[in-house]
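Trainee: quick one, what's the 3D model for this:
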Amino acid sequence: SEPTTFYLFTDGFADQFGGKNKKKFMIRRFYNLLAEIQHLDINAQKQFLTDTFEEWKSEQKQVDDVLVMGFKINYELGIRNETAKV
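Mentor: Below you'll find the predicted structure:
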């Protein structure tokens, strides 16, 4: 089965001003960006997000902290998640 990707993030990426009209990146664009890159390996995702943010921000001052954490969970057939027995 396909892995499930989870993201935790602050609002800093979406709230960053930039682009040709110097407007906010916005949460919908950020969600679409995550959906677009979720199939990439984690290092490629990091590089893509970093490049996208820097290109968007361009000469604008960074307005907030930016944190994006992503992880994937792979579910193999026949393997169940179990808690450890002590």
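Trainee: pull out the buried residues from stretch 57-64.
Mentor: residue 57 (16 or more other Cβ atoms under 10 Å). The way it works is simple: take the backbone N, C-alpha and C, and place the C-beta from them, glycine included.
Trainee: tell me the average confidence for the biggest helix by length in the chain?
Mentor: Secondary structure of the chain per DSSP state H: the longest helix is helix 42-57. Confidence over helix 42-57 (mean pLDDT, whole number) is 96.
Trainee: how about stretch 11-21?
Mentor: Stretch 11-21 carries an average pLDDT of 97.
Trainee: just say helix, strand or coil for residue 7.
Mentor: Under DSSP: H, G, I helix; E, B strand; the rest coil, the three-state class of residue 7 is strand.
Trainee: what confidence value was assigned to the nearest residue to it once chain neighbours are set aside?
Mentor: The shortest distance from residue 7 to any non-neighbouring residue, by Cβ to Cβ, 6 or more residues apart in numbering, is to residue 70 (4.8 Å). pLDDT recorded at residue 70 is 91.
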